[in-house]
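# here you go, sequence then predicted model.
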Amino acid sequence: MSRLICADFDEFEEALYGVEGHYVLRSRQQRDWRLRVVELDGVALMFGREGAGTVYSGVGLPGFFNIFLPLSRHECTVLGGQRLDRRLIGWMVPEAMFHIDASQPASWMTVAMSCELVLRWAQQHEDEFDSSLLSRNLICRAQQDLAPLVWLALRLLRIDHCAPQELHAPAAESAARSELMDHVFRSLLPATPAQRGVAAQHSHQQVLRRALELLDAMPDAPLHMADLCQACNTSERTLRNLFTRYLGMSPHRYLMQHRLHAIRRAILRAAPGETITDICARFGVWDFGRFAGFYRSYFGELPSHSLRSRRPVPRALPLIHR
């Protein structure tokens with residue numbers, strides 16, 4: 001994690017991720033300027049605390065889409081001429097100018113996402129993605145409570161500070177990035193129900209069967225929603241509706257249970273010296289405390305207990321020649 005504490009705004013201004021612009025102070029400086037950045041290979045989460053009331057005029061860098069979410073002084077913050085509140089979120093596209101006016105020192109968070117990752121997410125969710133998001137800056141009323149998005153961002157910040165080796169293992173970092181982007185777009189996109197046609201009933205059952213066959217064929221692999229969508233050649237919303245309709249749970253919950261079982265099998269077959277951290281990193285676990293709670297509620301014991309109670313792998317007996 002990058003952590004920056006500045007006596008004035010110049011260094012703070014230069015360190016901002018995904019945007020480029022200039023501050024003009026509109027009030028006397030009251031405190032230092034603080035910036036914390038968590039980078040997730042194409043996605044950057046940024047928490048800023050400004051030291052004075054400011055006007056910031058900026059432009060999105062060519063390779064990034066950004067969201068802006070005030071965490072304090074909502075009533076004193078104006079984005080693109082619109083006064084913000086606790087349910088509004090700013091969306092900035094590459095190479096478009098924006099202006100943020102905060103009459104008092106404010107705190108905020110942003111998420112900068114590479115164009116490649118945003119376009120990939122849009123393709124995987126083409127039947128629910130609003131294409132206007134790709135072409136212009138918007139101030140949107142959040143489609144759901146923003147608290148889970150902020151809570152997820154704070155968890156990432158804490159884990160990046162306390163246990164960066166866990167968060168930045170390749171599979172774990174990919175899983176954290178996907179979860180953060182999902183929360184961002186669920187906040188921006190309306191949750192409209194899918195339209196079902198009678199003629200599509202048989203096709204939907206085939207899609208569900210392909211998804212379950214993939215899970216059966218790869219019982220010990222760290223599969224994600226994108227893998228299921230690609231294998232079934234369908235969107236996440238279609239899978240979400242099918243899993244809920246036929247299996248009584250979302251595909252995310254089904255995948256979580258699949259991953260819990262896979263990790264338990266790996267723990268019970270662990271080689272001498274292999275740790276829970278080693279095993280979980282292979283399956284994309286980035287929040288170990290939360291995972292341990294899920295594991296205990298599902299299997300009735302902590303992962304460390306399972307590791308201690310595993311059966312030793314029998315050694316091959318030497319051949320005796322007669």
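Thanks, I have it. Numbering: from 1, shown residues only.
# and for the helix or strand of the chain with the lowest mean pLDDT, what's in contact with it?
Ranking every helix and strand in the chain by mean pLDDT, DSSP states H and E puts helix 201-217 at the bottom, with a mean of 79. Helix 201-217 is contacted from outside by 196, 223, 227-228, 231-232, 234, 238-239, 242-243, 246-247, 251, 254, 258, using C-beta atoms under 8 Å, 6 or more residues apart in numbering. In this view, the C-beta of every residue, glycine as well, is placed from N, C-alpha and C.
# thought residue 20 was touching residue 58?
Yes: Residue 20 lies in contact with residue 58 (C-beta atoms under 8 Å); the separation is 6.1 Å.
# before we move on, back to that, of the contacts of helix 201-217, which belong to helices?
Cross-referencing those against helices under DSSP state H gives 227-228, 231-232, 238-239, 242-243, 246-247, 251, 254, 258.
# mark which of those are buried, thanks.
Neighbour counting with 16 or more other C-beta atoms under 10 Å marks 227-228, 231-232, 238-239, 242-243, 251, 254, 258 as buried within the ones in helices among the contacts of helix 201-217.
# in stretch 79-98, which residues are buried?
79-80, 84, 88-94, 98.
# output those as a markdown table; include the columns distance to residue 64 and pLDDT.
Putting the buried residues of stretch 79-98 into a markdown table (distance: C-beta to C-beta, whole Å; pLDDT from 0 to 100) gives the following:
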| residue | distance to residue 64 | pLDDT |
| --- | --- | --- |
| 79 | 17 | 93 |
| 80 | 18 | 88 |
| 84 | 21 | 91 |
| 88 | 21 | 92 |
| 89 | 16 | 94 |
| 90 | 14 | 95 |
| 91 | 12 | 95 |
| 92 | 9 | 95 |
| 93 | 9 | 96 |
| 94 | 6 | 96 |
| 98 | 13 | 94 |
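# which among those gets closest to residue 264?
residue 89 (38.4 Å; C-beta to C-beta).
# tell me the helices and strands packed up against the helix or strand encompassing that closest one.
In the assignment (DSSP states H and E), residue 89 maps to strand 88-92. Contact analysis of strand 88-92 by 3 or more C-beta pairs under 8 Å, 6 or more residues apart in numbering; DSSP states H and E lists strand 64-70, strand 97-102, strand 138-141, helix 170-188 as its packing neighbours.
# distance between the first one and the chain's centre?
Think strand 64-70. 14 Å (C-alpha atoms, centre = their mean, to the nearest Å).
# partners of that strand, with directions?
Strand 64-70 has the following sheet partners, assigned by DSSP bridges: strand 88-92 (antiparallel), strand 107-114 (antiparallel).
# give me the angle between the last one and helix 170-188.
With axes from the mean of the first three to the mean of the last three C-alpha atoms, to 10 degrees applied, the angle from strand 107-114 to helix 170-188 works out at 110 degrees.
# just checking, what packs against the helix or strand just after strand 107-114?
Per DSSP H and E, the first helix or strand lying C-terminal to strand 107-114 is helix 115-124. Applying 3+ C-beta pairs under 8 Å, 6+ apart, we find helix 115-124 packed against strand 64-70, helix 170-188, helix 225-232.
# figure out which of those is closest to residue 48.
Using C-beta to C-beta, those put strand 64-70 closest to residue 48, at 9.9 Å.
# okay, domains of this structure per the record?
As recorded under automatic domain parsing, the domains making up the chain are 2-187, 200-308.
# phi, psi for residue 47 please.
phi -110, psi 130 (degrees, to the nearest 10).
# which SSE is the spatially closest residue to it that is not a sequence neighbour in?
Leaving aside its sequence neighbours, residue 47 sits nearest to residue 36 (C-beta to C-beta, 6 or more residues apart in numbering; 4.6 Å). Taking DSSP H and E as the criterion, residue 36 maps to strand 33-39.
# low-confidence ranges in the stretch 1-150 of the chain?
1 (pLDDT under 70).
# more neighbours, residue 20 and residue 58?
Neighbour count, other C-beta atoms under 10 Å: between residue 20 and residue 58, residue 58 has more, with 20 against 12.
# contacts for the helix or strand hosting that one next, please.
In this structure, residue 58 sits in strand 54-60 according to DSSP H and E. Strand 54-60 is contacted from outside by 9, 16, 18-26, 66, 92-102, using C-beta under 8 Å, 6+ apart.
# list the buried residues of it.
Neighbour count says strand 54-60 has 54, 56, 58, 60 buried, by 16+ other C-beta under 10 Å.
# ok, which pair from these is furthest apart?
For the buried residues of strand 54-60, and using C-beta to C-beta, no pair is farther apart than 54 and 60, which are 18.3 Å apart.
# before we move on, back to that, right, and the helices and strands packed on helix 115-124 - which one's nearest residue 293?
That would be helix 170-188 among the helices and strands packed on helix 115-124, by C-beta to C-beta, at 16.4 Å.
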